[in-house]
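# Sequence first, predicted coordinates after that:
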Amino acid sequence: MLKDVTFGQYFPGNSLLHKADARFKVLILIEYIVIVLLANSAYAVGLGLLLTAFLMVFSGVKIRLLLKSVKPLIFVLVFTCLINLFLTRGSGAPLVDWSFIKIYKEGVRNAIAMLIRLLSLVLGTSVLISFTTSPLELTDALESLLSPLKKIKVPVHEFAMMMSIALRFIPTLIEETNKIISAQKARCADFDSGNIFKKLKAMVPILIPLFVSAVRRAEELADAMECRCYHGGKGRTKLNVMHAKLRDYIFLLAVTAIIAGVVVLNRYDASFIKNLIKDLVF
Amino acid sequence: MAFIEARGVEFAYSPEEPLVIDGIDVKIEKGSYVAILGHNGCGKSTLAKLLCGIVAPTEGQILVDGINTCDGEQEFELRKKCGMVFQNPDNQLVASVVEEDVAFAPENLGLPREEIRKRVDSALATVDMSEYAKHTTHKLSGGQKQRIAIAGILAMQPECIIFDEATAMLDPTGRKEIAAAMKRLNKELGITVVTITHYMGEAIEADRIIVMNQGKIIADGTPAEIFSKVEQLKEVSLAVPQVTELLYMLECDGYQMPRGILHAMDAAEVLTQKLKK
Amino acid sequence: MNAIELKNVSVVYGEGTPFKKIALNNINTCFPQGTVTGIIGHTGSGKSTLASLLNGLLKPTSGEVLLFDKSIWEKPKEMVQIRSQVGLVFQYPEYQLFDETVEADIAFGPRNLKLPQEEIDKRVKLAAEFCGITERDLKRSPFELSGGQKRRAAIAGVLAMQPKVLVLDEPAAGLDPKGREEILGGLIEYKNTYGATLIIISHSMEDVAKYADNILVMNNGEIYMQGAVEEIFLQAERLFDANLDVPQITKLFIELKKRGLCESSDIYTLGYAKKVIEKLLG
């Protein structure tokens, strides 16, 4: 079951986005979120969509996989759209007026805008970070970006080390959980019947061994790390140092320019959507 | 001078508990290949932790190449000289990617990047895992994971590696891989190898076997010497290779048999001569 | 009578995807009641998959698993009954211990079967006896025990269900010779007392030679060889071809046979080997 989730999974590859510096990708993601939230007018939204499309192409990730990552979110998307569609009260006459259902053109507008925003956020994060950045690159990038905070005694290195170890042990612990579940099932444990409290109680024979084993693993890992001269982040060097290339700067600048573009286009809130709806309806 | 020297070492996990290590004096020479043999719970794993300084002795002292393992100031020097490979392959890999894991120790030592790269490549080549450099660690087999762990220690360029039951959780294929690696480290690179085990097959490969029981050393010698003492080993619940035991049983029945025969081929040779007479 | 019979059983993972993997391919075999069968083969040869088929933890993609001539998938709702009859002990079972005392942990299986309290107590005591767990240890926390004792407690937890068939995946892995003998000896005693059927997966040829009546050799998801112990070890060459081993004592006799000094090489226990040599020496 856990294997089917593609959202948040790394797919090794060799695309432009795979090769881009992870630090820049984090910065660009922040800019991208700003763009998506800021874009208001039809032109601005169009510009945002264009950027999303470019990112999708640059990531080299198959469209089928991208759609699969959206699939678990369909319910949320549809639900937010419907809420916006039905609950927005507009000024003019409703477009649809059938018993208690009233749909205003503002509602249609909000629903479309929300759909585009949510979809863009999911797709953008997927192609920029999760699909194209290995967890290790990501932690390294965060450690590097947050390193100024070391000056005010924030344990940035420790935080990043914890995160990368956690990522390293996730597959191990998932495997272990499955093993323990099988072992307890072999002792006739029942995880499926009964009410919620019974089900929670049935988890105890899984959680305790899992916890005990995680503690044991942590102890052994600490010994192993000590044996390999680990002594915190001080004086530590790195095998893979991140090198920003010219194209990373260009990429960042380009996206910054798009923010400016969105701000400008927002001012020209041409009645594009209004006209569109008019054309469609009348 | 011996590379590792333990003098009157005692150890207990807390003052109320019985001694796990009860008066051990041992010298391990540089470049030697030593197996420490004993049943579960005889104190052999604790001895391993003492030898590389993860725990400090309650009594007595241990010198590794002249460094006292309790000397906090030289901790780094000690760790660089003497590495340790643990039992559970999953619990000693730090990174998700093979080469990142091997680089962990040299990164901690603060070596320049080119040097780290050089050491990682050569360590991976030594354990025959170069082609896996970019692979994720959790999908490897147990034997492969253990080889990565060895490479991670090799990257510190230690003079001695202690294997704490490093093959106990592996299948026969994995066990063979690790045994071959140990032999290569010792014979080709001249690294002092200390392996803690209860597998006879592995102990036979060493040049010297130390047998432990209840925190004490009860026998110390070459494999042939050690395995000729069949009764004594059985007393401390250890087994001997089947052919050794067969010849011993024949001896008990009054046949003249040589002692210390460990391999099937040697036994066949002995029996051939007896039968042709 | 056959305790368990497998008819044309196949297990395929990821059918219809590029990751399709045939774990077991058309397995036909049986485990006669009251016998000990040793299953040998490399990691990934399908041994463990086979084990989880026997108590219904895994459903075969095709084919039938029969327990005393009845398909175990006939009434999936009564799988608990099947699991209480076919006890399955996984590799490193000590990692499934969870309860406050050893006694309570061993009682987990019988409790799940909703047996009366007296019956549970009786079974716990019996199971503890077979596994060599002392009265004092029963009252202790399972996490205070030594590695070997934990292993025994975990095996007792399955024995307490009094299964008619007992499947064990490497029950003695990592234990010293004395520990191996105690555990395997206790299992044989259980088998003899209840006329149970034992199926032991093992990497140790010496253990299989010593305890098993029949051997099943798995290779690449298929049955490579099956038969009585002496038949299998007589075909040492075929085992070597699959990169498997024979007991050291058998190797000795293969060599002696090559040299024309003895006639048979199907010798795999020390006692018999001694007799043969003594006869040859006259």
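Noted; the coordinates are in hand.
# Could you show which parts of the stretch 151-282 of chain C are in contact with chain B?
With CB under 8 Å from any CB of the partner chain as the criterion, the stretch 151-282 of chain C meets chain B at residues C:173-179, C:203, C:206, C:243, C:245, C:247-249, C:251-252, C:255-256, C:259, C:261, C:270, C:273-274, C:277-278, C:280-281. Any C-beta I mention is one placed from the backbone N, CA and C, and that applies to glycine too.
# wait, I meant chain A
By CB under 8 Å from any CB, the part of chain A that sits against chain B consists of A:134-136, A:164-165, A:167-168, A:171-172, A:216-217, A:220-221, A:223-231, A:235-241.
# Outline the domain layout of chain C.
With automatic domain parsing as the criterion, the domains of chain C are listed as C:1-74+C:164-241, C:247-282.
# Kindly present those as TSV, with separate columns for distance to residue A:159 and mean neighbour count.
Converted to TSV, the domains of chain C look like this (distance: least, CB to CB, whole Å; neighbours: other CB atoms under 10 Å in any protein chain shown):
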stretch	distance to residue A:159	mean neighbour count
domain C:1-74+C:164-241	35	19
domain C:247-282	54	18
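# any idea which of those scores lowest on pLDDT?
When the domains of chain C are compared on mean pLDDT, domain C:247-282 scores lowest, with a mean of 89.
# Now do that domain: distance to the chain's middle.
Taking CA atoms, centre = their mean, to the nearest Å, one finds domain C:247-282 lying 28 Å from the centre of the chain it belongs to.
# now stretch C:16-23
The offset between the C-alpha centroid of stretch C:16-23 and the centroid of the whole chain comes to 28 Å, using CA atoms, centre = their mean.
# Do any residues in that stretch lie close to chain A?
No: contact of stretch C:16-23 with chain A is not found when judged by CB under 8 Å from any CB; the minimum separation is 9.4 Å.
# Show the end-to-end separation of that stretch, please.
Distance across stretch C:16-23, first residue to last, is 15 Å (CA to CA, to the nearest Å).
# Could you pull out the buried residues of the strand or helix carrying residue A:212?
Element membership for residue A:212 (DSSP states H and E) is helix A:204-227. Under the neighbour-count criterion of 16 or more other CB atoms under 10 Å in any protein chain shown, helix A:204-227 has A:205-206, A:208-210, A:213, A:217, A:220-221, A:223-227 buried.
# In CSV: these, plus pLDDT and distance to residue B:80.
Conversion of these to CSV gives the following (pLDDT from 0 to 100; distance: CB to CB, whole Å):
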residue, pLDDT, distance to residue B:80
A:205, 93, 44
A:206, 94, 42
A:208, 94, 39
A:209, 95, 37
A:210, 95, 36
A:213, 94, 31
A:217, 94, 25
A:220, 93, 21
A:221, 95, 20
A:223, 92, 16
A:224, 94, 15
A:225, 94, 15
A:226, 91, 13
A:227, 92, 10
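# a markdown table please, covering those and showing distance to chain C.
Written out in a markdown table, the entries for those read as follows (distance: CB to the nearest CB, whole Å):
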| residue | distance to chain C |
| --- | --- |
| A:205 | 5 |
| A:206 | 8 |
| A:208 | 4 |
| A:209 | 5 |
| A:210 | 9 |
| A:213 | 6 |
| A:217 | 11 |
| A:220 | 14 |
| A:221 | 17 |
| A:223 | 17 |
| A:224 | 19 |
| A:225 | 23 |
| A:226 | 23 |
| A:227 | 21 |
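# from these, which two are the most distant?
Maximum pairwise distance among the buried residues of helix A:204-227 (CB to CB): 34.0 Å, between A:205 and A:227.
# The residue most central in space within chain C: what secondary structure?
Nearest to the centroid of the C-alpha atoms of chain C, with distances taken as CA atoms, centre = their mean, sits residue C:200, at 1.6 Å. Here residue C:200 is recorded as strand under DSSP: H, G, I helix; E, B strand; the rest coil.
# centre of the chain versus the helix or strand residue A:178 falls within, how much separation?
Residue A:178 is part of helix A:156-186, with elements assigned from DSSP H and E. When C-alpha coordinates are averaged (CA atoms, centre = their mean), helix A:156-186 and its chain have centres 21 Å apart.
# Please apply the same query to stretch B:122-137.
Between the centre of stretch B:122-137 and the centre of its host chain there is 22 Å, according to CA atoms, centre = their mean.
# mind listing what's buried in that stretch?
Buried residues in stretch B:122-137, counting neighbours by 16+ other CB under 10 Å, are found at B:123-124, B:126-127, B:129-130, B:132-133, B:135-137.
# so which two of those residues are the farthest from each other?
Looking at the buried residues of stretch B:122-137 by CB to CB, the two members farthest from one another are B:126 and B:136, with 21.2 Å of separation.
# any idea how far the residue nearest the centre of chain A lies from residue A:234?
A centroid search over chain A (CA atoms, centre = their mean) returns residue A:125, at 4.6 Å, as the residue closest to the centre. Plainly put, residue A:125 is 33 Å away from residue A:234 if you go by CB to CB, to the nearest Å.
# likewise residue A:249?
Plainly put, residue A:249 is 30 Å away from residue A:234 if you go by CB to CB.
# Could you do residue B:255 as well?
In terms of CB to CB, residue B:255 sits 68 Å off from residue A:234.
# Of those two, give the one with the bigger neighbour count.
Under the criterion of other CB atoms under 10 Å in any protein chain shown, the comparison of residue B:255 against residue A:234 puts residue B:255 first, with 13 against 8.
# which residues touch that one?
If a contact means CB atoms under 8 Å, 6 or more residues apart in numbering or on different chains, then residue B:255 has B:274, C:278, C:281 as its contacts.
# same deal with residue C:150?
C:94, C:97, C:142.
# rewinding a little: residue contacts, the residue nearest to the centre of chain C?
Residues counted as contacts of residue C:200 (CB under 8 Å, 6+ apart) are C:36-39, C:168, C:171, C:184, C:187, C:207-208, C:211-212.
# Throw those into a markdown table and include secondary structure, thanks.
Rendered in a markdown table, the data for the contacts of residue C:200 read as follows (three-state DSSP):
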| residue | secondary structure |
| --- | --- |
| C:36 | strand |
| C:37 | strand |
| C:38 | strand |
| C:39 | strand |
| C:168 | strand |
| C:171 | coil |
| C:184 | helix |
| C:187 | helix |
| C:207 | helix |
| C:208 | helix |
| C:211 | helix |
| C:212 | coil |
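# confidence score at residue A:1?
On the pLDDT scale, residue A:1 is placed at 35.
# Same question for residue A:125.
Note for residue A:125: predicted pLDDT of 86.
# ok, now the one 5 residues further on?
What the model reports for residue A:130 is a pLDDT of 81.
# where does whichever residue of the stretch 1-150 of chain B sits closest to chain C sit relative to residue C:172, distance-wise?
As assessed by CB to the nearest CB, chain C sits closest to residue B:39 within the stretch 1-150 of chain B, at 4.0 Å. As judged by CB to CB, residue B:39 and residue C:172 stand 13 Å apart.
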